[in-house]
Structure formats: structure tokens, C-alpha cells
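Asks: fold the following for me, if possible:
(one chain, ligands or ions: 2)
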Amino acid sequence: MEKIKSVKAREILDSRGNPTVEVEITLDSGIKARSDVPSGASTGTYEALELRDNDRKRYKGKGVLKAVENVNNIIAPKIAGMSIEEGQEKFDEIMLNLDGTENKSNLGANAILGVSMAIARVSAMSLNLPLYKYFNRDAKILPVPMMNILNGGAHANWQSTDFQEFMLVPWGAKNFAESLRYGAEIYHELKILLKSKGFSTSVGDEGGFVVNVKSNEEPIKLIINAIENAGYEYYKDVGISLDVAASGFYKNGMYELKTENLNLSGDEMTEKYKGLVEKYKILSVEDGLAEDDWEGWNKMNKEIGEKTMLIGDDLFVTNIKRLGRGIKEKSANAVLIKLNQIGTVSETINAINLAHKTKWNVVISHRSGETCDSFIADFCVGMNSKLIKTGAPCRSERVEKYNQLLRIEEEMGNKGKFAGKEAFK
Ligand code: PGA
Ligand code: ZN
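Replies: Ligands and ions are numbered 1, 2, ... in the order given. Here you go, the predicted model:
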């Protein structure tokens, strides 16, 4: 029986140069595993608390030394010496009890999640399993990547579109490796196209280009152009998905679209999506409305939920209570899953299981602030999720997740099954 020898946290940097928590767990046998916690920019109000030091003398207040101390001084003494076979839920439960708050504001969701993910990884290693098999020994689905190739909103300092993400969805490929190739080739075609039109080709937080266009529709046309230039057929081979992240521009009950000089109601936003979905067969719209606009969501789902996938991110924040409400009220038909929105692996799994039970689609997602930890690639496969959203095929912290999926697909051989068009059923 393997016991936990030590649990050690440290402050490292994420892809934006902000501090984040890394946790390393060592077992008696010497097996050692490490996990890094990601961080959002367009965070939902109802996410679990990311504990920052607020000491302006360090990292403009963004240091995470308190969270690190909470791991080293509070969590570590409690779980050191325990058998790793106690299991994920037991360790997560111990940390939830130690914290004792609804939103993990005591110890910090970043402290708790770092340990929770490291437990998963070290457990897999002690069982001599790849991480995805720790979650599910029979896992065989490879997800379709949703690749954010044009960045707007908070991820581009509001210097581009109001809509935050324009994603390529290479769902017509025969396997994951091919879908990744489609995506990367189109990304390069888009760069050539943008250059030829005199646009900048600098990239935003998730590796997508930041383009100073005049509307939220123009990027869709540019991407379709790039898809065709790369030799693919729009929709049949590669579709488009949007993450509007509308909470970011919701003011006084209205949606302020600065790029288009418009101030729209929830109904008008829904009309806008309806138009885009009809015209371009948009595969999914994430956070089309704000996190508190439940009424708007319910109406939107009635209006266009049959025609496209409506994904709740800030609306549900991977929280089983909010997700439960959404299911009951029929607010959406899919959920975005981010481990650090809720703060433990077990609670994240509970949210996914609830969604699957309800036959909702599940999208496993990175954050805009990431590290090269590829945890979510394995997690996605282990959870049978048919979709993963982890940025453009650019910037190592994004690409590392895709590369890990290549390795998993290779390892699965003939057993692996690419989700393809099934992912949107
Ligand atoms: P975030 O963005 O990580 O900045 O919250 C990702 C998203 O909104 O999906
Ligand atoms: Zn989102």
C-alpha cells in the first residue's frame, strides 16, 4: 500500500506571466507527480475563489504565496501518511472540510485544485496507468478540438471583436491527428489571408489572431475564406463555433457591442445568433447571454436550441447547483467544464456525470491563463467528453494539450474512436 510521503506547493508563472500554484506529491516509493493550476481572465462571478495575496509589492497583488502556504501548512500535514488508495473523493472531501466554505474562500480553489489534480496524477502513476485510464479504464473516445483562432474581448484587451472566441471545429476529419492537421493548416492560411488584407497577425492569450475588424460577423467570413484556401469544405470538413462571453459586455440589462456601435437586449442578441446560425450553420454558441440572465437563456434555448448547441460557461461555472437549475429550466443544452471554476476533481466529475445523465454535451476547457500541464487532455478522454477547447494550434501551453491527445490516440491504436460529427448530436 502506497503512502503519501510529502505534498509540496510552489509559486510558478502561467502563460500570461502571472503567478499560479504548482503542487508536487511524492509517495513512499519515490513516485512523484506534479500539477499546475490554470487561471481565467473573463471569469464568471460564481466561480470558486482564486486566492491571491493582494500584496501590491509583489506581482501587483497577484502573488499566490497564501495559497501555497495553505497547501504546505494546512493540507499537507492532514494528508501526508495517508494511503493513496483512499481515493480521489476521500482526499477531495478532506480538503472541502478543511476549507469549510461554499466557494473555497478559506484555502483558495487554486490551493485545493492543485492538490486534487496531483492526487489524480500520482494515483495513476502508482497504478501504472496513463492518466486518462485512471478516470476510466475503458476510455476510447478522442475529442474534436475547438480551436480558438481569432481572439477578441478580454483576451485581446478589447482591441478586437466584442465576441471573445471564433473557433475552428475540424469535425469531418477521420481521426484526432487529422483534425489537428486540418486546424493547423487553416490557422496558417488565415495568417496569410490576414497579412494580405493588411491586418495584424499578432496573437492573443489563447494563440488566436487579434484582428481589428468592424463587426462580430467579419471574422466568420475570414475563417471560412481560410478554410477554403486550405482546401477544405466549410461545414462538411470544418465548422465554426463561437464563445461570445457576453457577461463581459452586459451593462444595465443590455449588451453593449462596441465593435458595431450597438446596444442590444437579450432578445435582440438571440435574434442576432439566429441570423448567424441560419446563415453560417454555426455549430455552437457559448455564453451568448450573461451569467445572471436566466430568463434570456431560457428564451434563447427555446428559440434556437434545436438549431445549434448552446453552451453555458459563466452561467454554470462547473457548479452542480447552477447546472441543476439550468437543466430544470432548460436554459441551455451543453456545459463547459473548467476544473478551477469549482476547485476539485471530484466535484468536476459530478458536474460532468450530471450533464451526461441529462444527455447534454460536455466540453472540457482550458483557461486563458495556462501552463504546459496537459491534465485536461487526459481528463477529457477519461470523461468520455466528445469536445475539447484548448486554444489555437499556437503557444506551447495550448499545443501541449493537443500533443498529449496525439500521444493518447497513438497509444489507443485501433481501439480509439474520434468523436467527429457525433460530438454535436
Ligand atoms: P477565461 O476564458 O479562461 O478567460 O475565463 C475562457 C472562456 O471564457 O471560455
Ligand atoms: Zn467561455
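Asks: what number of residues lie near the closest residue to S284 other than its chain neighbours?
Replies: Nearest non-adjacent residue to S284, counting by C-beta to C-beta, 6 or more residues apart in numbering: M309, 3.7 Å away. Any C-beta I mention is one placed from the backbone N, CA and C, and that applies to glycine too. Using other C-beta atoms under 10 Å, M309 has 22 other residues around it.
Asks: hmm, M309 is touching L283, no?
Replies: Yes: between M309 and L283 there is a contact under C-beta atoms under 8 Å: 6.4 Å.
Asks: who touches both of these two?
Replies: When contacts are counted by C-beta atoms under 8 Å, 6 or more residues apart in numbering, M309 and L283 are jointly contacted by S241, F424.
Asks: which SSE is immediately downstream of the longest helix along the chain?
Replies: The longest helix of the chain (DSSP state H) is helix 176-196. Going down the chain from helix 176-196, the next helix or strand is helix 218-229, by DSSP states H and E.
Asks: next one: that next one to chain centre, how far?
Replies: A distance of 24 Å separates the centroid of the chain from that of helix 218-229, by C-alpha atoms, centre = their mean, to the nearest Å.
Asks: near ligand 2, which residues of this structure?
Replies: By the criterion of C-beta under 5 Å from the ion, the positions of the chain lying close to ligand 2 are D243, E286, D287, D313.
Asks: show me the contacts for the first one.
Replies: Counting by C-beta under 8 Å, 6+ apart, D243 makes contact with N148, F163, Q164, E165, M167, E286, D287, I311, D313, K389.
Asks: and for D314, the neighbour number?
Replies: D314, neighbours per other C-beta under 10 Å, totals 26.
Asks: got it, and the one 5 residues further on?
Replies: N319 is surrounded by 24 other residues when neighbours are defined as other C-beta under 10 Å.
Asks: now do the residue in the stretch 101-250 of the chain positioned nearest to ligand 2 against V285, distance only.
Replies: When scored by C-beta to the ion, the stretch 101-250 of the chain has D243 as its residue closest to ligand 2, at 4.3 Å. To V285, D243 is 8 Å away according to C-beta to C-beta, to the nearest Å.
Asks: mutual contacts of these two, please.
Replies: Common neighbours of D243 and V285, counting by C-beta under 8 Å, 6+ apart, are I311.
Asks: for the residue nearest to the spatial centre of the chain, which residues are in contact?
Replies: Central residue of the chain (C-alpha atoms, centre = their mean): S365, 1.7 Å from the mean position. Neighbour list for S365: D313, L336, I337, K338, I376, I388, K389, T390 [criterion: C-beta under 8 Å, 6+ apart].
Asks: circling back to that earlier point, report the buried residues of the longest helix of the chain.
Replies: 176, 179-180, 182-187, 189-191, 193-194 (16 or more other C-beta atoms under 10 Å).
Asks: try stretch 259-269
Replies: Applying 16+ other C-beta under 10 Å to stretch 259-269 flags T259, L262, L264, G266, M269 as buried.
Asks: thinking again about what came up before, as CSV, the residues of the chain next to ligand 2 with distance to ligand 1 would be great.
Replies: As requested, the residues of the chain next to ligand 2 are exported to CSV (distance: C-beta to the nearest ligand atom, whole Å):
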residue, distance to ligand 1
D243, 5
E286, 6
D287, 7
D313, 5
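Asks: out of the residues you listed, which are buried?
Replies: D243, E286, D287, D313.
Asks: for those residues, which one is nearest Q159?
Replies: If you rank these by distance to Q159 using C-beta to C-beta, D243 comes first, at 17.4 Å.
Asks: can you report phi and psi for the closest one?
Replies: Backbone torsions for D243, taken as degrees, to the nearest 10, come to phi -120, psi 110.
Asks: going forward, the N-terminal residue is numbered 373.
Replies: Sure, I'll start counting at 373 from here, so that last one is D615.
Asks: let me know the secondary structure of P765.
Replies: Three-state assignment for P765 (DSSP: H, G, I helix; E, B strand; the rest coil): coil.
Asks: re the thing from before, adding pLDDT, distance to G754 and secondary structure, write the contacts of S737 out as a markdown table.
Replies: What follows is the contacts of S737, written out as a markdown table (pLDDT from 0 to 100; distance: C-beta to C-beta, whole Å; DSSP: H, G, I helix; E, B strand; the rest coil):
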| residue | pLDDT | distance to G754 | secondary structure |
| --- | --- | --- | --- |
| D685 | 98 | 21 | coil |
| L708 | 98 | 17 | strand |
| I709 | 99 | 12 | strand |
| K710 | 98 | 16 | coil |
| I748 | 99 | 10 | helix |
| I760 | 99 | 12 | strand |
| K761 | 98 | 17 | strand |
| T762 | 98 | 15 | coil |
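Asks: please pick the buried ones from those residues.
Replies: D685, L708, I709, K710, I748, I760, K761, T762.
Asks: tell me the pLDDT at whichever residue of the stretch 373-522 of the chain sits closest to ligand 1?
Replies: The stretch 373-522 of the chain approaches ligand 1 most closely through G412 (3.0 Å), counting by C-beta to the nearest ligand atom. G412 carries a pLDDT score of 97 in this model.
Asks: could you do A528 as well?
Replies: Per the predicted model, pLDDT is 87 at A528.
Asks: just the one 5 residues further on next, same as before
Replies: You'll see T533 listed with a pLDDT of 96.
Asks: please apply the same query to P591.
Replies: Model confidence at P591, given as pLDDT, is 97.
Asks: return the residues in contact with it.
Replies: Counted by C-beta under 8 Å, 6+ apart, P591 has contacts L522, G524, T533, F535, F538, V583, V585.
Asks: show me where the stretch 423-572 of the chain has strands.
Replies: Ranges of strands within the stretch 423-572 of the chain are 513-514, 516-523, 537-541, based on DSSP state E, counting those that start in this stretch.
Asks: highest average neighbour count across these?
Replies: strand 516-523 (a mean of 30; mean count of other C-beta atoms under 10 Å).
Asks: and the angle for it with helix 548-568?
Replies: Note on geometry: by axes from the mean of the first three to the mean of the last three C-alpha atoms, to 10 degrees, strand 516-523 and helix 548-568 are set 10 degrees apart in direction.
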